[in-house]
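Colleague: Below: sequence and its predicted model.
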Amino acid sequence: MAHATFTSEGQNMESFRLLSGHKIPAVGLGTWRSGSQATHAVVTALVEGGYRHIDTAWEYGDQREVGQGIKRAMHTGLERRDLFVTSKLCTELSPERVRPALQNTLKELQLEYLDLYLIHWPFRLREGASKPPKAGDVLDFDMEGVWREMENLAKDNLVRNIGVCNFTVTKLNKLLEFAELIPSVCQMEMHPGWRNDTMLEFCKKNEIHVTAYSPLGSQEGGRDLIHDQTVDRIAKKLNKTPGQVLVKWGLQRGTSVIPKSLNPERIKENIKVFDWVIPEKDFQALNSITDQKRVMDGEDIFVNKTEGPFRSVADLWDHED
């Protein structure tokens, strides 16, 4: 079961237990758009920072570099069984593509199995589709067929856990109607500027663990929480960095967190969050930030305002926000 309490992982690392019985380290390194710098970031995180959780995706285009970083870290004495590696199935979703996609990911990462494999977005795009899509670029998504193939990967021990990313309550409810293996993890954007409370509560009710991505917001996405006044005030009060406060906020909500950084010092700072707490008054202040908006709303990838099928961000998210 996924709990909001931690279990010790040694060296001050903590984890959450998943429905499968496996444990997911509470803090991981996100590698979105890390490019050629991903290798050094992964080595820094694993060897110097004490991380044991690395998150990547085929769509990021840096799995080879991430794999090189993991391999270099293992050459220092880390063992594969001590690591938790997540990747994601891309948007060219159809049942016959699932296994080949995973095999390609394993080859790029130089691994024999993944700890977690996620459906990246619950939409299927035609191969070579434009972003945003043109007419005919968004195809029917056989959710049940794809999930059956994900389940087969788990049964064949190629992945230890399967899950979803960027789902809505509507889509997750649909999946739960036919799933033989309940998703171990639902990964979604979460930070004080986008709390995503409805999805968090739905996942807790169904014992699905949540991993929060973009926990620091994004300067590119116009939601720069590192320089938010409330975050900054609390960080100064606690003698912590804003990044540490934002990561800790996620942990205190019961989610694992995957902050991305390429700065070695920031990488090491972001995981120093296990021997202190955000006081309740300050925690509630973070929960009360009123300007709520997503960084990754999917508009640039999926929304076609004139031809659809998703003519708005609200369409994309099933009008649940």
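Modeller: Here it is on my side, so go on.

Colleague: I'd like the distance between E151 and P95.
Modeller: E151 sits at a distance of 11 Å from P95 (criterion: CB to CB, to the nearest Å). Backbone N, C-alpha and C define where each C-beta goes, glycine included.

Colleague: swap in H209?
Modeller: H209 is 25 Å from P95, by CB to CB.

Colleague: who's more crowded, those two?
Modeller: A direct count of neighbours by other CB atoms under 10 Å for H209 and P95 places H209 higher, at 27 against 15.

Colleague: so that one sits right up against I24, yeah?
Modeller: Yes - look at H209 against I24 with CB atoms under 8 Å: they come within range, at 6.5 Å.

Colleague: Could I get the average pLDDT for stretch 146-158?
Modeller: Averaging pLDDT along stretch 146-158 yields 98.

Colleague: number of nearby residues for W276?
Modeller: By other CB under 10 Å, the residues close to W276 number 12.

Colleague: Could you look up the SS state of it?
Modeller: Per DSSP: H, G, I helix; E, B strand; the rest coil, the secondary structure class of W276 is coil.

Colleague: just to revisit the earlier point, joint contacts of H209 and I24?
Modeller: Jointly contacting H209 and I24 under the rule CB atoms under 8 Å, 6 or more residues apart in numbering are F16, L18, S184, V185, S256.

Colleague: So the first one lies in a strand, does it not?
Modeller: Yes - counting by three-state DSSP, F16 is found in a strand.

Colleague: got the CA positions of stretch 148-164 in CSV?
Modeller: The C-alpha trace of stretch 148-164 is given here as CSV (Å, rounded to 0.1, in the frame of the first residue of the first chain):
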residue,chain,number,x,y,z
ARG,A,148,-2.9,-5.4,-21.1
GLU,A,149,0.5,-5.2,-22.8
MET,A,150,1.8,-3.1,-19.9
GLU,A,151,0.5,-5.9,-17.6
ASN,A,152,2.3,-8.5,-19.7
LEU,A,153,5.6,-6.6,-19.3
ALA,A,154,5.2,-6.9,-15.6
LYS,A,155,4.3,-10.5,-15.7
ASP,A,156,7.4,-11.1,-17.8
ASN,A,157,9.5,-9.3,-15.2
LEU,A,158,10.7,-6.7,-17.7
VAL,A,159,9.2,-4.0,-15.5
ARG,A,160,8.5,-4.3,-11.7
ASN,A,161,5.7,-1.8,-11.6
ILE,A,162,3.4,-0.2,-14.1
GLY,A,163,1.5,3.1,-13.9
VAL,A,164,0.2,6.2,-15.6
